[in-house]
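Enquirer: Show me how the following folds:
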Amino acid sequence: MNASSSLRLGTVCKGHSSTIESSFEDGKKYEALEDSGPEDTAVNSSRRAGQVIMDDEPRIRNRSSGLIGRGSRVAEGSLELLGLLRVLGEAFRHCCMHRCKEALQVFCKLPHHQYATGWVLCQVGKTYFEMVDYCEAERAFSWARRVSPYYLEGMDIYSTVLYHMKEEMKLSYLAQELNAIDRLSPQAWCALGNCYSLQKDHETALKTFQRAIQLDSHFTYAHTLCGHEYVAMEEFENGITCYRSALRIDPRHYNAWYGLGMIYLRQEKYDFAEHHFRTAFLINPRSSVLMCYLGMALHALKRNEEALEMLDQAILADAKNPLPIYQKANVLLSNERYNEALEELELLKEVAPRESSVYSLIGKIYKRLNMPERAMYHFGLALDLKPSTADVAIIKSAIEKLHVPDDIEDHL
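Expert: This next block holds a predicted model:
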């Protein structure tokens with residue numbers, strides 16, 4: 001074997017020997033691990049677990065902070081929702097108790113995107129309707145129609161608003177739209193009935209209101225509208241039946257109590273009229289109209305002081321309503337307080353300058369004051385304003401008796 005071969009062999013042996021040495025060292029380590037006791041193993045395991053926990057701690061912290069952030073957002077959203085429901089509930093409670101001004105103030109607390117919703121705007125429209133502010137009611141309902149064109153709740157009241165405003169074209173268009181949306185809804189038929197009633201076609205209006213009752217027998221307002229049509233046709237017994245049907249469904253439906261009071265007032269059953277007007281007034285104690293008619297019933301019962309007190313309340317409740325001022329002048333005329341009555345009527349002329357009954361009553365007062373020239377002048381003004389046929393007959397009769405003494409006229 002030559003030197004180079006010996007060198008190659010030595011090199012290979014050297015490499016082999018180093019491999020053996022490393023294996024020997026590993027064996028020693030393995031034996032040392034086997035020779036170590038349970039305590040040493042537990043210590044090593046705990047060290048490795050601690051190392052894992054330390055490595056995962058940032059990830060756990062991020063996850064927990066995300067959960068906390070998400071929980072805080074849910075809590076904030078829940079509080080916001082509860083606050084919104086509280087405002088809506090408070091406003092609706094005021095509406096149910098007919099506290100109209102308070103309801104409007106609470107609704108105004110809502111954010112714009114919540115105020116401009118169909119339900120809220122219809123509630124606002126109903127509130128203005130209760131306050132006899134038909135212009136604002138029409139504005140709220142028309143806004144609701146633009147926001148929620150397929151929302152039908154409250155559209156029966158909207159049609160009544162248009163009826164009082166004598167907006168025949170708008171009312172006809174509303175009835176057609178509601179029938180196109182859902183011709184089986186009572187609101188659509190109530191709107192159509194109000195359209196016919198505005199055209200003085202009371203029989204057709206009555207049929208449409210009865211159709212609304214067929215579609216929903218518990219639709220209170222349809223029963224009341226039927227009663228109004230029967231009263232317009234002077235079928236008082238049928239009207240009483242309809243109003244009572246409405247009250248069986250909703251005893252707090254003051255419109256039906258008012259309708260019954262009107263029937264009894266026209267039938268000169270003043271005790272019954274006073275009872276029904278008072279019941280309606282207890283349900284809706286802020287209505288100027290109900291105060292006025294209750295005062296009229298009290299005046300018919302010769303309870304003039306109570307009547308004046310109630311009419312004063314009606315004037316304070318709604319200074320724009322001319323009816324309580326006119327009725328107060330009537331009561332003052334009955335009490336022979338002529339100058340006070342004239343003062344009230346002079347104020348009324350500014351509110352309703354083209355109302356013939358105002359000038360007719362002024363003429364009666366001047367007749368009582370033995371001033372026939374002024375009386376004749378105001379009777380002439382009343383006739384110039386084109387009153388109804390019945391009022392024309394009353395005014396002409398007063399002119400014929402202008403020079404007849406009052407004590408004799410009372411016996412004629």
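Enquirer: Report the secondary structure state of residue 103.
Expert: When classified by DSSP: H, G, I helix; E, B strand; the rest coil, residue 103 comes out as helix.
Enquirer: what about it, neighbour count?
Expert: Around residue 103 there are 24 other residues, counting by other C-beta atoms under 10 Å. Placement of C-beta: from N, CA and C, glycine included.
Enquirer: any idea how far residue 160 is from residue 224?
Expert: Residue 160 is 10 Å from residue 224, where distance means C-beta to C-beta, to the nearest Å.
Enquirer: Which one's more surrounded, the two?
Expert: residue 224 (25 against 22).
Enquirer: Run through the residues that contact the more buried one.
Expert: Listed by C-beta atoms under 8 Å, 6 or more residues apart in numbering, the contact set of residue 224 reads 242-243, 246, 253, 255-256, 259.
Enquirer: Tabulate those residues (JSON lines), appending pLDDT.
Expert: Formatted as JSON lines, those follow (pLDDT from 0 to 100):
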{"residue": "242", "pLDDT": "97"}
{"residue": "243", "pLDDT": "97"}
{"residue": "246", "pLDDT": "97"}
{"residue": "253", "pLDDT": "96"}
{"residue": "255", "pLDDT": "96"}
{"residue": "256", "pLDDT": "97"}
{"residue": "259", "pLDDT": "97"}
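Enquirer: Geometric centre of this protein: which residue is closest?
Expert: residue 123 (2.2 Å; C-alpha atoms, centre = their mean).
Enquirer: What helix or strand is that residue located in?
Expert: Assigned by DSSP states H and E, residue 123 belongs to helix 118-130.
Enquirer: what are the C-alpha coordinates of that helix, in PDB please?
Expert: Output of helix 118-130 as PDB, limited to C-alpha atoms (Å, rounded to 0.1, in the frame of the first residue of the first chain):
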ATOM      1  CA  GLY A 118     -94.000  56.900   7.200                       C
ATOM      2  CA  TRP A 119     -95.200  55.900  10.700                       C
ATOM      3  CA  VAL A 120     -93.900  59.000  12.400                       C
ATOM      4  CA  LEU A 121     -95.200  61.400   9.700                       C
ATOM      5  CA  CYS A 122     -98.600  59.800   9.800                       C
ATOM      6  CA  GLN A 123     -98.700  60.200  13.600                       C
ATOM      7  CA  VAL A 124     -97.700  63.900  13.100                       C
ATOM      8  CA  GLY A 125    -100.400  64.300  10.500                       C
ATOM      9  CA  LYS A 126    -103.000  62.800  12.900                       C
ATOM     10  CA  THR A 127    -101.900  65.100  15.700                       C
ATOM     11  CA  TYR A 128    -102.300  68.200  13.500                       C
ATOM     12  CA  PHE A 129    -105.700  66.800  12.500                       C
ATOM     13  CA  GLU A 130    -106.700  66.600  16.100                       C
END
